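J.: Just the structure for this:
(one chain, ligands or ions: 1)
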Amino acid sequence: MKQNSPRVKEKIKAAIAKKVIAAAIIAIVPALFILLLMMFFMQGTGINKNPMAMAKGIDIPAAYLTLARQSSDENEIDFAYFLTLSAEMAKFNPDKYKSDLIPKVLERARTGSPASLNKSSKTIYDMYSGYYNYLNASPIPKSKITTTRTKRLKSVNPEEYEYETSTTETFYSYSHYDDFGAQRTFGGNRAHEGNDLIASAGVPIVSISDGIVRDMNWNDFGGNIVGVITGPDTYFYYAHMQSFNPDLHEGDYVNAGDLLGYVGNSGYGPPGTTGMFVNHLHLQIGIKIDGLKERFYVSPYNIVTFLDDYRVTIYEEISN
Ligand SMILES: [Zn+2]
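T.: Numbering: from 1, shown residues only. Presented below is the predicted three-dimensional model:
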(Lines give C-alpha, C1' and ligand atoms only; values in the text may rest on other atoms or scores of the structure.)
Protein backbone atom coordinates (compact mmCIF):
# COMPACT_ATOMS: atom_id res chain seq x y z
CA MET A 1 0.00 0.00 0.00
CA LYS A 2 1.18 3.41 -0.82
CA GLN A 3 2.32 5.46 2.17
CA ASN A 4 0.75 8.89 2.48
CA SER A 5 3.26 11.61 1.96
CA PRO A 6 3.76 14.09 4.82
CA ARG A 7 1.83 16.66 2.83
CA VAL A 8 -1.12 14.33 2.41
CA LYS A 9 -0.94 13.53 6.14
CA GLU A 10 -1.17 17.26 6.90
CA LYS A 11 -4.21 17.50 4.67
CA ILE A 12 -5.86 14.54 6.39
CA LYS A 13 -5.12 16.05 9.82
CA ALA A 14 -6.62 19.38 8.73
CA ALA A 15 -9.68 17.58 7.37
CA ILE A 16 -10.11 15.65 10.62
CA ALA A 17 -9.74 18.86 12.64
CA LYS A 18 -12.43 20.53 10.50
CA LYS A 19 -14.76 17.59 11.05
CA VAL A 20 -14.14 17.68 14.82
CA ILE A 21 -14.91 21.41 14.90
CA ALA A 22 -18.01 20.90 12.76
CA ALA A 23 -19.18 18.04 15.01
CA ALA A 24 -18.57 20.18 18.09
CA ILE A 25 -20.61 23.02 16.59
CA ILE A 26 -23.37 20.60 15.63
CA ALA A 27 -23.44 19.26 19.21
CA ILE A 28 -23.00 22.54 21.09
CA VAL A 29 -25.38 24.76 19.16
CA PRO A 30 -28.50 22.66 19.83
CA ALA A 31 -27.38 22.16 23.46
CA LEU A 32 -27.07 25.93 23.89
CA PHE A 33 -30.37 26.43 22.14
CA ILE A 34 -32.08 23.94 24.46
CA LEU A 35 -30.46 25.60 27.48
CA LEU A 36 -31.68 29.04 26.37
CA LEU A 37 -35.12 27.62 25.69
CA MET A 38 -35.23 26.08 29.17
CA MET A 39 -34.12 29.35 30.75
CA PHE A 40 -36.74 31.23 28.78
CA PHE A 41 -39.43 28.71 29.69
CA MET A 42 -38.56 28.71 33.36
CA GLN A 43 -38.47 32.48 33.50
CA GLY A 44 -41.44 32.81 31.21
CA THR A 45 -43.77 30.61 33.21
CA GLY A 46 -42.44 31.61 36.61
CA ILE A 47 -42.53 27.93 37.44
CA ASN A 48 -39.36 26.36 38.62
CA LYS A 49 -37.95 25.29 41.93
CA ASN A 50 -35.94 28.47 42.40
CA PRO A 51 -37.70 30.62 45.03
CA MET A 52 -36.21 33.88 43.73
CA ALA A 53 -37.50 33.14 40.22
CA MET A 54 -40.87 32.23 41.73
CA ALA A 55 -40.87 35.50 43.66
CA LYS A 56 -40.34 37.36 40.38
CA GLY A 57 -43.23 35.50 38.81
CA ILE A 58 -45.71 36.60 41.42
CA ASP A 59 -44.70 40.25 41.66
CA ILE A 60 -46.85 42.55 39.54
CA PRO A 61 -46.37 46.36 39.45
CA ALA A 62 -48.77 48.26 41.73
CA ALA A 63 -50.11 50.55 38.98
CA TYR A 64 -51.09 47.52 36.92
CA LEU A 65 -52.74 45.84 39.91
CA THR A 66 -54.93 48.93 40.35
CA LEU A 67 -56.05 48.87 36.70
CA ALA A 68 -56.52 45.09 36.70
CA ARG A 69 -58.59 45.18 39.89
CA GLN A 70 -60.83 47.89 38.43
CA SER A 71 -61.33 46.04 35.17
CA SER A 72 -61.89 42.63 36.76
CA ASP A 73 -64.39 44.12 39.26
CA GLU A 74 -66.32 46.00 36.57
CA ASN A 75 -66.53 42.92 34.37
CA GLU A 76 -67.06 40.44 37.20
CA ILE A 77 -63.95 38.46 36.34
CA ASP A 78 -61.98 36.57 38.98
CA PHE A 79 -59.00 38.82 39.88
CA ALA A 80 -56.47 35.96 40.01
CA TYR A 81 -57.66 34.75 36.60
CA PHE A 82 -57.30 38.24 35.18
CA LEU A 83 -53.77 38.45 36.60
CA THR A 84 -52.81 34.99 35.32
CA LEU A 85 -53.71 35.98 31.76
CA SER A 86 -51.95 39.33 32.27
CA ALA A 87 -48.74 37.64 33.46
CA GLU A 88 -48.72 35.29 30.49
CA MET A 89 -49.31 38.08 28.00
CA ALA A 90 -46.68 40.29 29.69
CA LYS A 91 -44.32 37.30 29.82
CA PHE A 92 -43.75 38.14 33.50
CA ASN A 93 -41.78 41.19 32.43
CA PRO A 94 -42.43 44.12 34.83
CA ASP A 95 -41.99 46.61 31.95
CA LYS A 96 -44.79 45.02 29.94
CA TYR A 97 -47.58 45.42 32.49
CA LYS A 98 -49.03 48.49 30.82
CA SER A 99 -52.55 49.88 30.49
CA ASP A 100 -52.79 48.79 26.83
CA LEU A 101 -52.63 45.19 28.05
CA ILE A 102 -55.96 45.56 29.92
CA PRO A 103 -58.37 45.39 26.91
CA LYS A 104 -56.43 42.44 25.44
CA VAL A 105 -56.59 40.53 28.71
CA LEU A 106 -60.26 41.40 29.06
CA GLU A 107 -61.00 39.99 25.64
CA ARG A 108 -59.28 36.69 26.47
CA ALA A 109 -60.84 36.55 29.94
CA ARG A 110 -64.35 36.90 28.48
CA THR A 111 -63.92 33.89 26.22
CA GLY A 112 -62.19 31.62 28.75
CA SER A 113 -62.38 30.59 32.39
CA PRO A 114 -59.98 29.41 35.12
CA ALA A 115 -61.13 25.84 34.36
CA SER A 116 -59.92 26.13 30.76
CA LEU A 117 -56.32 27.00 31.74
CA ASN A 118 -53.57 24.55 30.83
CA LYS A 119 -51.50 22.86 33.54
CA SER A 120 -48.71 25.42 33.96
CA SER A 121 -51.15 28.34 33.84
CA LYS A 122 -53.30 26.55 36.42
CA THR A 123 -50.31 26.46 38.81
CA ILE A 124 -49.89 30.21 38.41
CA TYR A 125 -53.61 30.74 38.87
CA ASP A 126 -53.61 28.68 42.10
CA MET A 127 -50.68 30.67 43.40
CA TYR A 128 -52.29 34.01 42.51
CA SER A 129 -55.69 33.09 43.91
CA GLY A 130 -54.16 32.21 47.28
CA TYR A 131 -52.56 35.58 47.31
CA TYR A 132 -54.13 38.36 45.28
CA ASN A 133 -57.74 37.26 45.81
CA TYR A 134 -57.41 37.67 49.58
CA LEU A 135 -55.97 41.18 49.62
CA ASN A 136 -58.44 43.85 50.59
CA ALA A 137 -56.99 46.40 53.02
CA SER A 138 -53.87 48.45 53.56
CA PRO A 139 -52.11 47.37 56.78
CA ILE A 140 -52.09 50.99 58.02
CA PRO A 141 -55.63 52.42 58.31
CA LYS A 142 -56.43 55.85 56.93
CA SER A 143 -57.94 56.99 60.21
CA LYS A 144 -59.67 56.04 63.42
CA ILE A 145 -62.98 57.52 64.51
CA THR A 146 -63.34 57.54 68.26
CA THR A 147 -66.71 58.03 69.80
CA THR A 148 -66.75 58.80 73.48
CA ARG A 149 -69.96 58.40 75.37
CA THR A 150 -70.05 60.05 78.76
CA LYS A 151 -72.69 58.77 81.14
CA ARG A 152 -74.47 61.25 83.34
CA LEU A 153 -76.89 60.35 86.07
CA LYS A 154 -80.26 61.75 85.12
CA SER A 155 -82.49 60.59 87.91
CA VAL A 156 -82.43 58.63 91.11
CA ASN A 157 -83.15 55.50 89.04
CA PRO A 158 -79.64 54.17 88.16
CA GLU A 159 -81.01 52.56 84.97
CA GLU A 160 -81.74 55.92 83.44
CA TYR A 161 -78.79 57.80 81.96
CA GLU A 162 -78.28 60.40 79.37
CA TYR A 163 -75.17 60.28 77.20
CA GLU A 164 -72.96 63.05 76.00
CA THR A 165 -71.21 61.97 72.82
CA SER A 166 -68.05 63.36 71.31
CA THR A 167 -66.49 62.12 68.11
CA THR A 168 -62.91 62.66 66.96
CA GLU A 169 -61.06 61.43 63.88
CA THR A 170 -57.35 60.66 64.00
CA PHE A 171 -55.47 60.33 60.71
CA TYR A 172 -52.52 57.99 60.19
CA SER A 173 -49.59 58.06 57.84
CA TYR A 174 -46.69 55.79 57.00
CA SER A 175 -43.75 55.72 54.62
CA HIS A 176 -41.95 52.88 52.91
CA TYR A 177 -39.66 52.06 50.00
CA ASP A 178 -38.75 48.85 48.21
CA ASP A 179 -36.43 47.29 50.79
CA PHE A 180 -37.08 43.64 49.91
CA GLY A 181 -33.75 41.82 49.76
CA ALA A 182 -31.83 44.60 51.58
CA GLN A 183 -29.13 43.38 53.94
CA ARG A 184 -29.95 42.66 57.59
CA THR A 185 -27.41 41.64 60.22
CA PHE A 186 -29.36 40.59 63.34
CA GLY A 187 -28.85 36.83 63.71
CA GLY A 188 -26.19 36.79 60.98
CA ASN A 189 -26.08 38.30 57.51
CA ARG A 190 -29.36 37.73 55.71
CA ALA A 191 -31.63 39.31 53.16
CA HIS A 192 -34.64 41.34 54.28
CA GLU A 193 -37.66 39.22 53.41
CA GLY A 194 -40.37 41.83 53.82
CA ASN A 195 -41.31 45.49 53.58
CA ASP A 196 -40.88 47.96 56.44
CA LEU A 197 -43.63 50.53 56.92
CA ILE A 198 -42.38 53.38 59.07
CA ALA A 199 -45.13 54.76 61.31
CA SER A 200 -45.51 56.20 64.80
CA ALA A 201 -45.76 53.98 67.85
CA GLY A 202 -49.35 53.02 68.58
CA VAL A 203 -50.65 53.39 65.00
CA PRO A 204 -53.16 50.57 64.42
CA ILE A 205 -52.24 47.63 62.17
CA VAL A 206 -55.03 45.79 60.37
CA SER A 207 -55.01 42.52 58.46
CA ILE A 208 -54.54 43.01 54.72
CA SER A 209 -56.30 39.71 54.01
CA ASP A 210 -59.03 37.44 55.22
CA GLY A 211 -57.61 34.44 57.06
CA ILE A 212 -56.97 32.63 60.32
CA VAL A 213 -54.67 33.87 63.08
CA ARG A 214 -52.08 31.09 63.08
CA ASP A 215 -49.50 32.73 65.38
CA MET A 216 -49.63 35.44 67.98
CA ASN A 217 -46.52 35.40 70.11
CA TRP A 218 -42.98 36.61 70.59
CA ASN A 219 -40.07 35.70 68.40
CA ASP A 220 -36.57 37.07 68.88
CA PHE A 221 -36.38 38.49 65.36
CA GLY A 222 -39.91 39.91 65.02
CA GLY A 223 -40.79 40.74 68.63
CA ASN A 224 -44.57 40.69 69.04
CA ILE A 225 -45.75 39.02 65.86
CA VAL A 226 -49.09 38.03 64.34
CA GLY A 227 -49.23 35.48 61.53
CA VAL A 228 -52.40 35.23 59.45
CA ILE A 229 -52.85 32.36 57.04
CA THR A 230 -55.27 32.12 54.12
CA GLY A 231 -56.90 28.89 53.01
CA PRO A 232 -54.39 28.19 50.23
CA ASP A 233 -51.49 28.48 52.68
CA THR A 234 -50.25 31.98 52.09
CA TYR A 235 -48.73 33.36 55.28
CA PHE A 236 -48.97 37.05 56.19
CA TYR A 237 -46.55 37.99 58.95
CA TYR A 238 -46.78 41.27 60.90
CA ALA A 239 -43.86 42.01 63.21
CA HIS A 240 -42.40 44.43 65.81
CA MET A 241 -45.78 45.30 67.33
CA GLN A 242 -45.99 47.39 70.46
CA SER A 243 -49.00 45.36 71.58
CA PHE A 244 -51.70 43.04 70.22
CA ASN A 245 -55.40 43.70 69.82
CA PRO A 246 -56.51 42.41 73.26
CA ASP A 247 -59.67 40.88 71.74
CA LEU A 248 -57.72 38.78 69.22
CA HIS A 249 -56.66 35.17 69.79
CA GLU A 250 -54.84 32.43 67.93
CA GLY A 251 -57.33 30.50 65.81
CA ASP A 252 -59.61 33.51 65.28
CA TYR A 253 -60.91 34.20 61.80
CA VAL A 254 -60.15 37.74 60.63
CA ASN A 255 -61.41 39.76 57.70
CA ALA A 256 -59.25 42.20 55.80
CA GLY A 257 -59.37 45.43 57.79
CA ASP A 258 -59.68 43.79 61.23
CA LEU A 259 -57.40 45.16 63.94
CA LEU A 260 -54.36 42.98 64.74
CA GLY A 261 -52.30 45.27 66.97
CA TYR A 262 -50.28 48.47 67.12
CA VAL A 263 -47.02 49.68 65.58
CA GLY A 264 -43.98 49.44 67.84
CA ASN A 265 -40.31 48.53 67.88
CA SER A 266 -40.25 45.19 69.69
CA GLY A 267 -37.79 42.47 68.75
CA TYR A 268 -34.11 41.73 68.13
CA GLY A 269 -33.69 40.08 71.51
CA PRO A 270 -35.39 38.04 74.23
CA PRO A 271 -39.04 38.69 75.16
CA GLY A 272 -39.65 42.32 76.04
CA THR A 273 -36.77 43.78 73.99
CA THR A 274 -37.68 47.14 72.46
CA GLY A 275 -35.90 50.18 71.04
CA MET A 276 -33.36 48.38 68.84
CA PHE A 277 -34.66 50.26 65.76
CA VAL A 278 -37.29 52.84 64.78
CA ASN A 279 -41.00 52.10 65.18
CA HIS A 280 -42.28 50.30 62.13
CA LEU A 281 -44.37 47.44 60.84
CA HIS A 282 -42.45 44.65 59.16
CA LEU A 283 -44.81 42.93 56.73
CA GLN A 284 -43.70 39.65 55.23
CA ILE A 285 -45.58 37.36 52.84
CA GLY A 286 -44.73 33.68 52.44
CA ILE A 287 -46.18 31.49 49.72
CA LYS A 288 -46.39 27.73 49.70
CA ILE A 289 -47.08 25.79 46.54
CA ASP A 290 -47.22 22.11 45.65
CA GLY A 291 -43.81 20.53 45.22
CA LEU A 292 -41.97 23.07 47.37
CA LYS A 293 -41.21 22.07 50.97
CA GLU A 294 -40.54 25.57 52.25
CA ARG A 295 -42.49 28.74 51.86
CA PHE A 296 -40.78 31.30 49.71
CA TYR A 297 -41.08 35.01 50.37
CA VAL A 298 -42.33 37.54 47.88
CA SER A 299 -41.85 41.29 47.96
CA PRO A 300 -44.83 42.97 49.67
CA TYR A 301 -43.81 46.39 48.29
CA ASN A 302 -46.08 46.46 45.23
CA ILE A 303 -48.91 44.98 47.27
CA VAL A 304 -48.64 47.64 49.98
CA THR A 305 -48.51 50.36 47.30
CA PHE A 306 -51.54 48.88 45.52
CA LEU A 307 -53.42 48.54 48.83
CA ASP A 308 -52.90 52.22 49.61
CA ASP A 309 -56.18 52.72 47.70
CA TYR A 310 -57.77 50.36 50.23
CA ARG A 311 -57.03 52.13 53.49
CA VAL A 312 -59.82 51.55 55.98
CA THR A 313 -61.22 53.66 58.79
CA ILE A 314 -61.49 51.86 62.08
CA TYR A 315 -63.92 52.72 64.84
CA GLU A 316 -63.53 52.78 68.56
CA GLU A 317 -66.25 53.46 71.08
CA ILE A 318 -65.35 54.43 74.58
CA SER A 319 -67.90 54.53 77.38
CA ASN A 320 -67.09 56.35 80.56
ZN1 LIG B 1 -38.37 44.49 58.13
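
J.: Skip the chain neighbours and tell me the closest residue to the residue of the stretch 201-320 of the chain found nearest the ion.
T.: Nearest to the ion in the stretch 201-320 of the chain, going by CB to the ion, is residue 282, at a distance of 3.3 Å. Any C-beta I mention is one placed from the backbone N, CA and C, and that applies to glycine too. Once flanking residues are discounted, residue 282 sits nearest to residue 239: 4.1 Å by CB to CB, 6 or more residues apart in numbering.

J.: count of residues packed around residue 318?
T.: Neighbours of residue 318 under the rule other CB atoms under 10 Å: 10.

J.: Can you check the pLDDT for it?
T.: At residue 318, the model reports a pLDDT of 88.

J.: Can you give me the buried ones in the helix or strand containing it?
T.: In this structure, residue 318 is located in strand 313-319 according to DSSP states H and E. Of the residues in strand 313-319, those scored as buried under the neighbour-count criterion (16 or more other CB atoms under 10 Å) are residue 314.

J.: Show me what that strand is packed up against.
T.: If contacts are counted by 3 or more CB pairs under 8 Å, 6 or more residues apart in numbering; DSSP states H and E, strand 313-319 sits against strand 143-153.

J.: Verify the contact between residue 117 and residue 84 for me.
T.: Yes: under the criterion of CB atoms under 8 Å, residue 117 is in contact with residue 84, at a separation of 6.8 Å.

J.: These two: who's more crowded?
T.: The neighbour count for residue 117 versus residue 84, taken as other CB under 10 Å, is higher for residue 84 (25 against 18).

J.: Check what pLDDT the more buried one gets.
T.: According to the model, residue 84 scores 95 on pLDDT.

J.: try the one 4 residues further on
T.: Among the per-residue scores, residue 88 shows a pLDDT of 92.

J.: sorry, back to before: quick check on the residue nearest to residue 282: phi, psi?
T.: Torsion angles at residue 239 (phi, psi; degrees, to the nearest 10) stand at phi -130, psi 170.
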